[in-house]
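> Following is a predicted model, sequence given first.
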Amino acid sequence: MAPRTMQASSLGAQSTLCRRCLKLKITTSSQQKRHIGLKVLQKEKLAAEAWEVRANRITEGLEKNLWDVFKERGFVKDIAGTETQVWEIMRKKRIGAYVGVDPTAPSLHVGHLVPLMALFWMYLHGYRAMSVIGGATARVGDPEGRMKDRERIANSDAVLNITKTHYQLKRIWMNVEVQGRRFGYEKNWAWRRGIMNNTQWYNSLSFTVPVHRLFSSVRVSTLLSRDTAKTRMASGAGMPLDEFIYPLMQAWDWWHLYSSPLGIQMQIGGSDQFGNIVSGVDAVKHLRDTELHPSKRIPDTLLNTPIGFTTPLLTDSSGAKFGKSAGNAVWLDPFMTSSFDLYKYFMRRPDTDVENLLRLLTFHPMEKISEIMAEHSRDPSKRVAQHILAYEVVALVHSDQLAKDTQMQHRTLYATKTGNTNNGTDELYAVAPSSGQPERASWPDDIHKVTPTVQKAAEFKVDIELPESLILGKSIQRILHASGLASSASDAHRLTLAQGAYIGGSPGQPSQTNKGMPLGELTFTPVKAWFPSDTKNFLIAGKLLILRRGKHFIRVVKMISDEEWKASGKIYPGEPGTGKVRRLKAALQAIDPTLNEKDMRNLRTDVAKLEESALETPLLNKDEGVRPVSWKRRGDYVRPEPLKRRDARIVALREQLKQKVEAIKKMEQSEEGGDS
Ligand SMILES: Nc1ncnc2c1ncn2[C@@H]1O[C@H](COP(=O)(O)OP(=O)(O)OP(=O)(O)O)[C@@H](O)[C@H]1O
Ligand SMILES: N[C@@H](Cc1ccc(O)cc1)C(=O)O
């Protein structure tokens, strides 16, 4: 049976044929009705048949159950349910699985990749995979393993964290598609993946519903018997009620996902989540078995059993779990940890850990990992395995291209100036870079000493800060330009005309009266040519703007006072009085204060040419003194002495200019940041 139909029937849904459109009408609850075309049904039937064939092949030992892959790669720490149950359910049913992440920081970190990788494997093997952002649960915070009450998150931070986490996950999911293709997984019509936020159901949930349906069945003693609660009680400090019932909130999420047409039957989490997952299993079973609405009832069968498992925790060198709370996270956000530093972090993993990390964090098959390790052990100083690990993680988190560039950058940086152009590792690299730069034969000591770019989350709350006079006084197009989402104000104008730019706010409300982004939700409205005074309606907590270009390019802008802006010494693209021409003029005058306007104009033209030719094309003909290339004169031309002197001065100035132009460019690049 096709997944959707199967889900519909397992949920007790009724199907009837619509007489008007001759499509099958599936009724999953008293309110929800969906029309499914015959073509879709046919596809679902084919997908179900393929799944059945696969299940039989697993029984016959011709194919591996993904569960066995999880086990051999070291993904399984603890299981909620029995192993036989999980094995059989995964064999027979195209179940859905989810991993939840609380957006308590503006970025995911390396530790999150472990449970997420298990989810990505599920997706690549045809299961439904959901990554859930805990927009609602983050307002409470999981008390698991904490000795003290959690600090509550400010509204503006909640919005910011949700936005950043959402787009980070989106990018990673896109990369999973790319990596899936690279590793030979053929995308199938039935594959389903997504990102959800639990505010989607919490914001419209009546308080009495979970109270009646779930809380009434849970004994306080059960919650009190959990380690965290016991420790907090024993310390005499106790714990706030919201943290105390946090496991029930997480359980409600699972119930919501389980009973939805997605049929999310499995929860995956880091090993600290085991308690929450086990209570989730009990809660989902209870809610399922006490369902009163006949059309929503799900039978208590093996194939409908909620199951879960936890993955091992990634720890730092002292054995502490990488996490936000511990303050030792290696972030995935490029603004917080550059791709180079992320690469470097994995280059520093000790040989004893690298095989395990290759299994957990890459899609390389086990046989390939054995080959890599064999090659690695032939000469560990080349750090072949670490290079491949670092490459794969950067490709997953950022992109293949960036991984290639970062690897090249790394090789160049650690290259010797002499000899040995091939250290024999090239063929093992995920890409086969041949930069001509020899790799250092043995690794310099400093590579082990460099401290990781572990940044405090609080220092990196926003992508860019911009002054109040711009945000409240200039057009939204100028703001888009200043934030780096458009190459100029006119580009921004074209973009808004084509409805390609968005701002975080309430959808469907005019700019003059827009109420802004609802708390905890990520909603956008297209940017229009509104009055500058309307932009303030989109400010979150009076200071944050969330801007988006197209689907993925996002900037979180913080408004600061003009005084703070001035004191920062920065300039933003398009800032009045700081144009390129003006800056060049100032640079020229700094080089030679005696230059007159005409000289400067000539030099500026030269600079433009220099820039165009990427500072490489020779501007002078070999024997022509300083005559520009365009002066096509005969060889017997003799340049008068005063002109020669002037030329010599210009040559010297050009040299200095080249450096200035480079410096200005670098400054611009670093100001613009980038959605690499
Ligand atoms: N170091 C880690 N190794 C493996 N899994 C991790 C690690 N850190 C977090 N996870 C898992 O990622 C998922 C989401 O974690 P979440 O962001 O909610 O918490 P966290 O990073 O542990 O933050 P906090 O320290 O605030 O609790 C959970 O399943 C969690 O167990
Ligand atoms: N409690 C999890 C995050 C989470 C949130 C909501 C869920 O439904 C599931 C998981 C953690 O702190 O790591």
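Looks like it came in fine. Ligands and ions are numbered 1, 2, ... in the order given.
> what's the spacing between the residue positioned nearest the centre of the chain and ligand 2?
Centroid check for the chain by Cα atoms, centre = their mean gives residue 168 as the closest residue, at 1.9 Å. Computed as Cβ to the nearest ligand atom, to the nearest Å, the residue 168 to ligand 2 distance reads 15 Å. In this view, the C-beta of every residue, glycine as well, is placed from N, C-alpha and C.
> Leaving out sequence neighbours, find the closest residue to that residue.
Closest residue to residue 168 apart from its sequence neighbours, by Cβ to Cβ, 6 or more residues apart in numbering: residue 108 at 5.5 Å.
> related to what we said a few turns ago, the strand or helix carrying the residue nearest to the centre of the chain near ligand 1 at all?
For residue 168, the enclosing helix or strand under DSSP states H and E is helix 155-182. No. Helix 155-182 stays clear of ligand 1 (Cβ under 6 Å from any ligand atom), getting no nearer than 8.8 Å.
> Please name every helix or strand in contact with that helix.
helix 113-124, strand 128-133, strand 192-197, helix 384-397, helix 400-413, strand 544-549, strand 553-560 (3 or more Cβ pairs under 8 Å, 6 or more residues apart in numbering; DSSP states H and E).
> Tell me how far it lies from the chain's centre.
Centroid displacement of helix 155-182 relative to its chain, using Cα atoms, centre = their mean, to the nearest Å, is 3 Å.
> What's the mean pLDDT across it?
On average, the pLDDT along helix 155-182 is 92.
> List the buried residues of that helix.
156-169, 171-173, 175-177, 179-180 (16 or more other Cβ atoms under 10 Å).
> Over to stretch 540-558?
540, 544-549, 554-558.
> quick one: which of the helices and strands packed on helix 155-182 is nearest residue 314?
Taking Cβ to Cβ, helix 113-124 is the member of those nearest to residue 314, at 5.9 Å.
> So the closest one, near ligand 1 or not?
Yes. Helix 113-124 reaches ligand 1 (Cβ under 6 Å from any ligand atom) through 114-115.
> which parts of the chain sit against ligand 1?
Counting by Cβ under 6 Å from any ligand atom, the chain comes close to ligand 1 at 101-102, 104, 111-112, 114-115, 142, 269-270, 272-273, 313-314, 321-325.
> Would you list the phi and psi of residue 231?
The phi and psi values for residue 231, taken as degrees, to the nearest 10, are phi -60, psi -40.
> OK, contacts around the residue nearest to it when sequence neighbours are not counted?
What sits nearest to residue 231 in space, not counting adjacent residues and going by Cβ to Cβ, 6+ apart, is residue 147, at 6.6 Å. Listed by Cβ atoms under 8 Å, 6 or more residues apart in numbering, the contact partners of residue 147 are 231-232, 235.
> Show me which of those are buried.
Using 16+ other Cβ under 10 Å as the burial test, the contacts of residue 147 include residue 232 as buried.
> In a markdown table: the contacts of residue 147, plus pLDDT.
A markdown table is the format used below for these (pLDDT from 0 to 100):
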| residue | pLDDT |
| --- | --- |
| 231 | 90 |
| 232 | 90 |
| 235 | 87 |
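> where's the residue nearest to the centre of the chain relative to residue 47, distance?
As for residue 168, its distance to residue 47 is 30 Å (criterion: Cβ to Cβ, to the nearest Å).
> for residue 160, same thing?
Taking Cβ to Cβ, one finds residue 160 at 39 Å from residue 47.
> Quick check: the residue of the stretch 151-300 of the chain nearest ligand 1.
Residue nearest to ligand 1 within the stretch 151-300 of the chain: residue 270 (2.1 Å; Cβ to the nearest ligand atom).
> Let me know whether that residue touches residue 111 as I believe.
Yes. In this structure, residue 270 is within contact of residue 111 by Cβ atoms under 8 Å, at 6.8 Å.
> Give the residues shared as contacts by the two.
Common neighbours of residue 270 and residue 111, using Cβ under 8 Å, 6+ apart, are 313, 321.
> Sketch out the low-pLDDT regions of the stretch 401-550 of the chain for me.
Across the stretch 401-550 of the chain, residues meeting the criterion (pLDDT under 70) sit at 413-462.
> would you list every one of the strands in it?
With strands called from DSSP state E, counting those that start in this stretch, the stretch 401-550 of the chain shows them at 464-467, 501-504, 524-526, 544-549.
> which stretches of the stretch 201-350 of the chain have low pLDDT?
Residue ranges of the stretch 201-350 of the chain with pLDDT under 70: 325.
> For it, just list every one of the helices.
With DSSP state H, counting those that start in this stretch as the criterion, the stretch 201-350 of the chain has helices at 208-213, 220-224, 227-234, 241-244, 246-259, 274-289, 339-347.
> wait, which of those is closest to residue 69?
Nearest to residue 69, of all those, is helix 274-289, at 20.3 Å by Cβ to Cβ.
> what comes into contact with the closest one?
77-78, 80-81, 142, 144, 213-214, 217-218, 222, 226-227, 246-248, 250-252, 254-255, 258-259, 267, 269, 297-298, 300, 304-310.
> rerun at 7 Å
Residues outside helix 274-289 that contact it (Cβ atoms under 7 Å, 6 or more residues apart in numbering): 78, 80-81, 144, 213-214, 217, 226, 247-248, 250-251, 254-255, 258, 267, 269, 298, 300, 306, 308, 310.
> now the residue nearest to residue 231: how far from residue 303?
Residue 147 is 41 Å from residue 303, where distance means Cβ to Cβ.
> before we move on, what about residue 553?
Residue 553 sits 42 Å away from residue 303, going by Cβ to Cβ.
> Residue 240 too?
Counting by Cβ to Cβ - residue 240 and residue 303 are separated by 39 Å.
> Name the nearest residue to the closest residue to ligand 2 within the stretch 1-150 of the chain, ignoring sequence neighbours.
Closest residue of the stretch 1-150 of the chain to ligand 2, Cβ to the nearest ligand atom: residue 100 (2.2 Å). Leaving aside its sequence neighbours, residue 100 sits nearest to residue 132 (Cβ to Cβ, 6+ apart; 4.4 Å).
> Provide a list of residues in contact with the closest residue to residue 174 other than its chain neighbours.
Distances taken as Cβ to Cβ, 6+ apart place residue 552 nearest to residue 174, at 7.8 Å, with adjacent residues excluded. The contact partners of residue 552, by Cβ under 7 Å, 6+ apart, come to 167, 170-171.
> again, only using 8 Å
Taking Cβ under 8 Å, 6+ apart, one finds 167, 170-171, 174, 675 in contact with residue 552.
> give me the number of residues near residue 38?
Residues within reach of residue 38, counting by other Cβ atoms under 10 Å, total 10.
> let's have the chain start at 395 instead
In the new count, where the first residue is 395, that last one comes out as residue 432.
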